[in-house]
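Trainee: Need a 3D model of the sequence below.
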Amino acid sequence: MYYSNGKCSCTGKDGRKKRLYATEFEAIDTANYQSRLLGVQLRVYECSDERGWHITSN
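Mentor: The predicted model follows:
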């Protein structure tokens, strides 16, 4: 997994900072893996603060 060097202020439901992925592909690849592992549907969206991508279960 590769993470963006950028910082953003995005937080999850639990108040923790969200991981920022450098590319959409990396975020999708990670989301697909975690979805299979956890049995939860995840989606990817572009960060509004920084150049990068996040994963969410919403």
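Trainee: rest of the way, CA atoms for contacts and neighbours
Mentor: Noted.
Trainee: all helices of the protein, in order?
Mentor: Taking DSSP state H to define them, one finds helices in the chain at 24-38.
Trainee: ok, which stretches of it are strands?
Mentor: 43-46, 53-56 (DSSP state E).
Trainee: which of those strands is buried the deepest?
Mentor: Highest mean neighbour count of those: strand 53-56, a mean of 20 (counted as mean count of other Cα atoms under 10 Å).
Trainee: Using PDB, write down the CA coordinates of that one.
Mentor: C-alpha atoms of strand 53-56 as PDB (Å, rounded to 0.1, in the frame of the first residue of the first chain):
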ATOM      1  CA  TRP A  53      -8.300   9.400  -2.000                       C
ATOM      2  CA  HIS A  54     -10.100   7.900   1.000                       C
ATOM      3  CA  ILE A  55     -12.100   4.700   1.700                       C
ATOM      4  CA  THR A  56     -15.500   4.800   3.500                       C
END
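Trainee: what packs against it?
Mentor: In terms of contacts (3 or more Cα pairs under 8 Å, 6 or more residues apart in numbering; DSSP states H and E), strand 53-56 is packed against helix 24-38, strand 43-46.
Trainee: quick one: low-confidence ranges for this protein?
Mentor: Within the chain, the segments meeting pLDDT under 70 span 1-6.
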